[in-house]
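Engineer: sequence unavailable; structure follows:
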């Protein structure tokens, strides 16, 4: 799922939900595939096994997505947990919703 001008802010976590990683991308399915397959083995997400997509939101342009990502990174862990829980109460892996 590649967006022409827009982008997504997303949160991935590890199996036990002890680590959160917030990112931004214009290709959510491709980017999460990279996290799941440790395309960048020395990255934060590879090191902490963050490969479970628990939240994402689309913005019509990438600049908005980048701004939202920065804002979200400044929020507390409790706020981020509540955000995920409000839209994905079971913290299911949303990557499974994407078609290949």
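Structural biologist: Yes, it's here. Everything numeric here is computed off the predicted structure, so don't read it as measured data.

Engineer: so where's this structure shaky on pLDDT?
Structural biologist: Along the chain, segments meeting pLDDT under 70 span 1-4, 99-100.

Engineer: where do the helices sit along it?
Structural biologist: Assigned by DSSP state H, the helices in the chain fall at 28-36, 44-47, 62-73, 77-87.

Engineer: which residues are in contact with the second one?
Structural biologist: Meaning helix 44-47. For helix 44-47, contacts defined as Cβ atoms under 8 Å, 6 or more residues apart in numbering pick out 12, 21, 35, 38, 40, 50, 51. Quick note: C-beta positions are derived from backbone N, CA and C, even for glycine.

Engineer: coming back round to it: possible to save the helices of the chain as CSV with distance to residue 55 and mean neighbour count?
Structural biologist: Output for these, formatted as CSV (distance: least, Cβ to Cβ, whole Å; neighbours: other Cβ atoms under 10 Å):
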stretch, distance to residue 55, mean neighbour count
helix 28-36, 11, 19
helix 44-47, 15, 15
helix 62-73, 9, 16
helix 77-87, 5, 13
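
Engineer: which ones are touching residue 62?
Structural biologist: Neighbours of residue 62 in contact, by Cβ under 8 Å, 6+ apart: 5, 6, 7, 24, 26.

Engineer: let's see 7 Å
Structural biologist: 5, 6, 7, 26 (Cβ atoms under 7 Å, 6 or more residues apart in numbering).
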